[in-house]
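K.L.:
Turn this into a model:
(one chain, ligands or ions: 1)
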Amino acid sequence: MKTNPSNPSRREFLATTTKTGLTVGLLGTAFSDLLAQPLQQVVGTGFTQTPLPYAYTALEPHIDARTMEIHYSKHAAAYASNLRDAAKEEGVDTAQPLEQVLGSISKYSAKMRNNGGGHYNHELFWSILGAPTEGGLPAAEGALLKSLKTSFGSYEAFVSQFETAAKTRFGSGWAWLLVDVSGKLVVSSTPNQDNPLMDIAEVKGTPILGLDVWEHAYYLHYQNRRPDYVTAFWKVVNWKAVADRFAAATT
Ligand code: MN
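P.N.:
Reported below is the predicted structural model:
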(Lines give C-alpha, C1' and ligand atoms only; values in the text may rest on other atoms or scores of the structure.)
Protein backbone atom coordinates (compact mmCIF):
# COMPACT_ATOMS: atom_id res chain seq x y z
CA MET A 1 0.00 0.00 0.00
CA LYS A 2 1.34 3.40 -0.96
CA THR A 3 1.23 6.10 1.63
CA ASN A 4 1.68 9.80 1.18
CA PRO A 5 4.47 10.91 3.56
CA SER A 6 2.55 14.11 4.35
CA ASN A 7 -0.48 12.03 5.29
CA PRO A 8 -0.32 10.29 8.65
CA SER A 9 -1.41 6.70 8.35
CA ARG A 10 -4.76 5.69 9.75
CA ARG A 11 -3.02 3.89 12.59
CA GLU A 12 -1.08 7.03 13.56
CA PHE A 13 -4.24 9.05 13.17
CA LEU A 14 -6.26 6.77 15.41
CA ALA A 15 -3.46 6.63 17.97
CA THR A 16 -3.43 10.41 18.10
CA THR A 17 -7.19 10.74 18.31
CA THR A 18 -7.30 8.13 21.05
CA LYS A 19 -4.77 10.10 23.06
CA THR A 20 -6.57 13.37 22.62
CA GLY A 21 -10.11 12.11 22.84
CA LEU A 22 -12.27 13.84 20.29
CA THR A 23 -9.85 16.65 19.57
CA VAL A 24 -7.91 16.27 16.39
CA GLY A 25 -4.99 18.62 16.05
CA LEU A 26 -2.85 17.04 13.39
CA LEU A 27 -4.98 17.92 10.42
CA GLY A 28 -4.68 20.64 7.85
CA THR A 29 -1.68 20.71 5.59
CA ALA A 30 -2.38 17.55 3.66
CA PHE A 31 -5.94 18.64 3.16
CA SER A 32 -5.15 22.09 1.77
CA ASP A 33 -2.70 20.42 -0.59
CA LEU A 34 -5.50 18.15 -1.66
CA LEU A 35 -7.89 20.98 -2.45
CA ALA A 36 -5.24 22.71 -4.52
CA GLN A 37 -4.86 19.66 -6.74
CA PRO A 38 -6.83 19.01 -9.93
CA LEU A 39 -10.18 17.36 -9.35
CA GLN A 40 -9.04 13.90 -10.44
CA GLN A 41 -6.66 13.93 -7.46
CA VAL A 42 -9.38 14.65 -4.93
CA VAL A 43 -9.24 11.27 -3.29
CA GLY A 44 -5.46 11.08 -3.19
CA THR A 45 -3.45 8.02 -4.02
CA GLY A 46 -3.30 4.62 -2.45
CA PHE A 47 -7.04 4.50 -1.77
CA THR A 48 -6.46 5.59 1.83
CA GLN A 49 -8.41 8.02 3.99
CA THR A 50 -7.39 11.66 4.11
CA PRO A 51 -7.20 12.88 7.71
CA LEU A 52 -10.26 14.93 8.62
CA PRO A 53 -9.41 18.64 8.29
CA TYR A 54 -11.29 19.42 11.52
CA ALA A 55 -12.14 17.86 14.87
CA TYR A 56 -15.01 15.42 15.26
CA THR A 57 -16.68 18.14 17.36
CA ALA A 58 -16.33 20.82 14.64
CA LEU A 59 -19.79 20.40 13.11
CA GLU A 60 -21.71 20.43 16.41
CA PRO A 61 -24.57 20.77 17.04
CA HIS A 62 -25.72 20.02 13.49
CA ILE A 63 -23.65 16.86 13.08
CA ASP A 64 -22.62 15.50 16.47
CA ALA A 65 -19.13 14.37 17.41
CA ARG A 66 -20.08 10.76 18.13
CA THR A 67 -21.67 10.40 14.70
CA MET A 68 -18.61 11.95 13.06
CA GLU A 69 -16.22 9.69 14.95
CA ILE A 70 -18.06 6.49 14.11
CA HIS A 71 -18.78 7.62 10.57
CA TYR A 72 -15.18 8.53 9.79
CA SER A 73 -13.24 5.99 11.82
CA LYS A 74 -15.53 2.98 11.32
CA HIS A 75 -17.84 3.26 8.32
CA ALA A 76 -15.61 5.26 5.98
CA ALA A 77 -12.49 3.42 7.15
CA ALA A 78 -14.14 0.13 6.22
CA TYR A 79 -14.93 1.35 2.69
CA ALA A 80 -11.29 2.35 2.20
CA SER A 81 -9.99 -0.93 3.57
CA ASN A 82 -12.42 -3.05 1.54
CA LEU A 83 -11.60 -1.01 -1.56
CA ARG A 84 -7.91 -1.84 -1.15
CA ASP A 85 -8.85 -5.52 -0.79
CA ALA A 86 -10.96 -5.36 -3.95
CA ALA A 87 -8.14 -3.61 -5.81
CA LYS A 88 -5.74 -6.36 -4.80
CA GLU A 89 -8.17 -9.09 -5.79
CA GLU A 90 -8.92 -7.51 -9.17
CA GLY A 91 -5.43 -6.33 -10.00
CA VAL A 92 -6.22 -2.61 -9.87
CA ASP A 93 -3.27 -0.25 -9.45
CA THR A 94 -4.01 1.85 -6.35
CA ALA A 95 -1.64 4.56 -7.59
CA GLN A 96 -4.11 5.63 -10.25
CA PRO A 97 -6.85 8.18 -9.53
CA LEU A 98 -9.90 6.40 -8.14
CA GLU A 99 -12.02 8.44 -10.58
CA GLN A 100 -10.55 6.38 -13.44
CA VAL A 101 -11.82 3.19 -11.88
CA LEU A 102 -15.24 4.69 -11.13
CA GLY A 103 -15.56 5.86 -14.74
CA SER A 104 -15.51 2.24 -15.90
CA ILE A 105 -16.99 0.65 -12.79
CA SER A 106 -19.28 -1.60 -14.83
CA LYS A 107 -16.18 -3.69 -15.64
CA TYR A 108 -15.53 -4.44 -11.99
CA SER A 109 -17.14 -6.37 -9.13
CA ALA A 110 -19.93 -5.21 -6.83
CA LYS A 111 -17.29 -5.07 -4.09
CA MET A 112 -15.29 -2.54 -6.12
CA ARG A 113 -18.42 -0.54 -6.95
CA ASN A 114 -19.68 -0.39 -3.37
CA ASN A 115 -16.36 0.34 -1.74
CA GLY A 116 -14.84 2.49 -4.50
CA GLY A 117 -17.96 4.63 -4.42
CA GLY A 118 -18.04 4.50 -0.64
CA HIS A 119 -14.47 5.72 -0.35
CA TYR A 120 -14.82 8.47 -2.95
CA ASN A 121 -18.16 9.71 -1.61
CA HIS A 122 -16.98 10.02 1.98
CA GLU A 123 -13.71 11.72 1.00
CA LEU A 124 -15.77 14.27 -0.91
CA PHE A 125 -18.27 14.62 1.94
CA TRP A 126 -15.64 15.40 4.61
CA SER A 127 -14.06 17.97 2.31
CA ILE A 128 -17.18 20.03 1.74
CA LEU A 129 -18.16 20.27 5.42
CA GLY A 130 -16.92 22.86 7.90
CA ALA A 131 -17.63 24.85 11.02
CA PRO A 132 -21.24 26.08 11.28
CA THR A 133 -22.11 29.39 9.69
CA GLU A 134 -24.81 31.71 10.91
CA GLY A 135 -27.92 30.96 8.95
CA GLY A 136 -26.01 28.72 6.58
CA LEU A 137 -27.28 30.40 3.46
CA PRO A 138 -26.40 31.77 1.03
CA ALA A 139 -22.67 31.52 1.38
CA ALA A 140 -22.21 30.28 -2.18
CA GLU A 141 -20.40 33.06 -3.97
CA GLY A 142 -19.13 34.35 -7.26
CA ALA A 143 -19.15 32.12 -10.30
CA LEU A 144 -20.80 29.27 -8.41
CA LEU A 145 -23.70 31.37 -7.15
CA LYS A 146 -24.17 32.85 -10.61
CA SER A 147 -24.25 29.38 -12.14
CA LEU A 148 -26.67 28.09 -9.48
CA LYS A 149 -29.02 30.92 -10.40
CA THR A 150 -28.65 30.23 -14.13
CA SER A 151 -29.20 26.50 -13.72
CA PHE A 152 -31.99 26.48 -11.14
CA GLY A 153 -33.59 29.92 -11.42
CA SER A 154 -32.56 30.91 -7.90
CA TYR A 155 -30.39 29.78 -5.03
CA GLU A 156 -33.54 28.86 -3.08
CA ALA A 157 -34.80 26.75 -5.97
CA PHE A 158 -31.52 24.84 -5.98
CA VAL A 159 -31.75 24.25 -2.22
CA SER A 160 -35.30 23.02 -2.57
CA GLN A 161 -34.44 20.63 -5.41
CA PHE A 162 -31.42 19.28 -3.54
CA GLU A 163 -33.42 18.77 -0.34
CA THR A 164 -36.12 16.92 -2.24
CA ALA A 165 -33.49 14.62 -3.76
CA ALA A 166 -32.03 13.93 -0.31
CA LYS A 167 -35.34 13.44 1.44
CA THR A 168 -36.94 11.24 -1.20
CA ARG A 169 -34.01 8.91 -1.85
CA PHE A 170 -35.53 5.62 -0.72
CA GLY A 171 -33.27 3.68 1.62
CA SER A 172 -29.56 4.45 1.56
CA GLY A 173 -27.84 6.76 -0.86
CA TRP A 174 -26.64 10.24 -1.68
CA ALA A 175 -27.89 13.56 -3.03
CA TRP A 176 -25.55 15.42 -5.39
CA LEU A 177 -24.89 18.77 -6.96
CA LEU A 178 -22.82 18.03 -10.02
CA VAL A 179 -21.48 19.57 -13.18
CA ASP A 180 -23.01 17.43 -15.91
CA VAL A 181 -21.37 16.49 -19.20
CA SER A 182 -22.69 19.67 -20.86
CA GLY A 183 -21.16 21.83 -18.11
CA LYS A 184 -24.48 22.61 -16.45
CA LEU A 185 -25.12 22.34 -12.71
CA VAL A 186 -27.71 19.69 -11.91
CA VAL A 187 -29.05 17.86 -8.87
CA SER A 188 -29.27 14.09 -8.75
CA SER A 189 -29.48 11.26 -6.29
CA THR A 190 -27.90 7.82 -6.36
CA PRO A 191 -28.62 4.61 -4.42
CA ASN A 192 -26.16 2.93 -2.05
CA GLN A 193 -22.61 4.16 -2.71
CA ASP A 194 -23.03 4.91 -6.41
CA ASN A 195 -22.09 8.37 -7.65
CA PRO A 196 -22.23 10.53 -10.80
CA LEU A 197 -18.69 9.58 -11.86
CA MET A 198 -19.76 5.99 -12.48
CA ASP A 199 -20.48 4.84 -16.01
CA ILE A 200 -23.65 3.22 -14.68
CA ALA A 201 -25.00 6.48 -13.20
CA GLU A 202 -28.30 7.78 -14.55
CA VAL A 203 -27.01 11.37 -14.39
CA LYS A 204 -23.29 11.56 -15.12
CA GLY A 205 -20.84 14.32 -14.30
CA THR A 206 -18.47 15.68 -11.69
CA PRO A 207 -19.95 15.92 -8.19
CA ILE A 208 -19.06 19.12 -6.31
CA LEU A 209 -21.39 18.73 -3.31
CA GLY A 210 -22.77 15.54 -1.80
CA LEU A 211 -24.98 14.63 1.12
CA ASP A 212 -24.83 11.20 2.72
CA VAL A 213 -28.37 10.10 3.58
CA TRP A 214 -27.50 6.66 4.90
CA GLU A 215 -28.99 6.27 8.38
CA HIS A 216 -25.46 5.87 9.81
CA ALA A 217 -24.87 9.52 8.85
CA TYR A 218 -27.60 10.90 11.11
CA TYR A 219 -29.42 8.28 13.17
CA LEU A 220 -27.69 8.81 16.54
CA HIS A 221 -28.76 12.44 16.65
CA TYR A 222 -31.79 12.67 14.37
CA GLN A 223 -33.18 9.12 14.57
CA ASN A 224 -35.88 8.85 11.90
CA ARG A 225 -35.94 12.60 11.19
CA ARG A 226 -33.95 12.65 7.95
CA PRO A 227 -35.57 15.93 6.84
CA ASP A 228 -34.18 17.72 9.92
CA TYR A 229 -30.70 16.41 9.13
CA VAL A 230 -31.04 17.54 5.52
CA THR A 231 -32.09 21.03 6.62
CA ALA A 232 -29.24 21.26 9.13
CA PHE A 233 -26.71 20.23 6.47
CA TRP A 234 -26.71 23.74 4.97
CA LYS A 235 -25.33 25.14 8.23
CA VAL A 236 -22.15 23.10 7.86
CA VAL A 237 -21.47 23.33 4.12
CA ASN A 238 -18.04 24.77 3.37
CA TRP A 239 -18.99 26.78 0.28
CA LYS A 240 -15.40 27.80 -0.37
CA ALA A 241 -14.53 24.13 -0.86
CA VAL A 242 -17.55 23.61 -3.11
CA ALA A 243 -16.64 26.71 -5.16
CA ASP A 244 -13.09 25.37 -5.57
CA ARG A 245 -14.46 22.09 -6.86
CA PHE A 246 -16.78 23.95 -9.20
CA ALA A 247 -13.87 25.97 -10.57
CA ALA A 248 -11.79 22.82 -11.06
CA ALA A 249 -14.67 21.06 -12.83
CA THR A 250 -15.39 23.93 -15.21
CA THR A 251 -11.92 25.00 -16.29
MN1 MN B 1 -21.64 7.36 5.22
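
K.L.:
now the helices for this structure?
P.N.:
10-19, 29-36, 65-70, 77-89, 98-103, 110-127, 142-152, 155-168, 219-222, 226-233, 239-250 (DSSP state H).

K.L.:
can I get the ones you listed in a markdown table with mean neighbour count, mean pLDDT and distance to A201?
P.N.:
C-betas here are computed from N, CA, C, even on glycine. Converted to a markdown table, the helices of the chain look like this (neighbours: other C-beta atoms under 10 Å; pLDDT from 0 to 100; distance: least, C-beta to C-beta, whole Å):
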| stretch | mean neighbour count | mean pLDDT | distance to A201 |
| --- | --- | --- | --- |
| helix 10-19 | 14 | 36 | 29 |
| helix 29-36 | 15 | 39 | 24 |
| helix 65-70 | 18 | 97 | 27 |
| helix 77-89 | 18 | 97 | 18 |
| helix 98-103 | 20 | 95 | 9 |
| helix 110-127 | 22 | 98 | 10 |
| helix 142-152 | 16 | 92 | 18 |
| helix 155-168 | 17 | 96 | 14 |
| helix 219-222 | 16 | 96 | 26 |
| helix 226-233 | 18 | 97 | 21 |
| helix 239-250 | 19 | 92 | 15 |
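
K.L.:
Which residue does this structure have closest to the ion?
P.N.:
D212 (4.2 Å; C-beta to the ion).

K.L.:
Just send the helices of the chain back as a markdown table, with distance to the ion too.
P.N.:
Converted to a markdown table, those look like this (distance: least, C-beta to the ion, whole Å):
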| stretch | distance to the ion |
| --- | --- |
| helix 10-19 | 17 |
| helix 29-36 | 19 |
| helix 65-70 | 10 |
| helix 77-89 | 8 |
| helix 98-103 | 16 |
| helix 110-127 | 6 |
| helix 142-152 | 25 |
| helix 155-168 | 13 |
| helix 219-222 | 11 |
| helix 226-233 | 12 |
| helix 239-250 | 18 |
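
K.L.:
do you know which of those lies nearest N192?
P.N.:
helix 110-127 (6.5 Å; C-beta to C-beta).

K.L.:
who does that closest one touch, helix- and strand-wise?
P.N.:
In terms of contacts (3 or more C-beta pairs under 8 Å, 6 or more residues apart in numbering; DSSP states H and E), helix 110-127 is packed against helix 29-36, helix 77-89, helix 98-103, strand 205-212.

K.L.:
Run the chain-centre distance for it.
P.N.:
For helix 110-127, the gap between its own C-alpha mean and the chain's C-alpha mean amounts to 8 Å (C-alpha atoms, centre = their mean, to the nearest Å).
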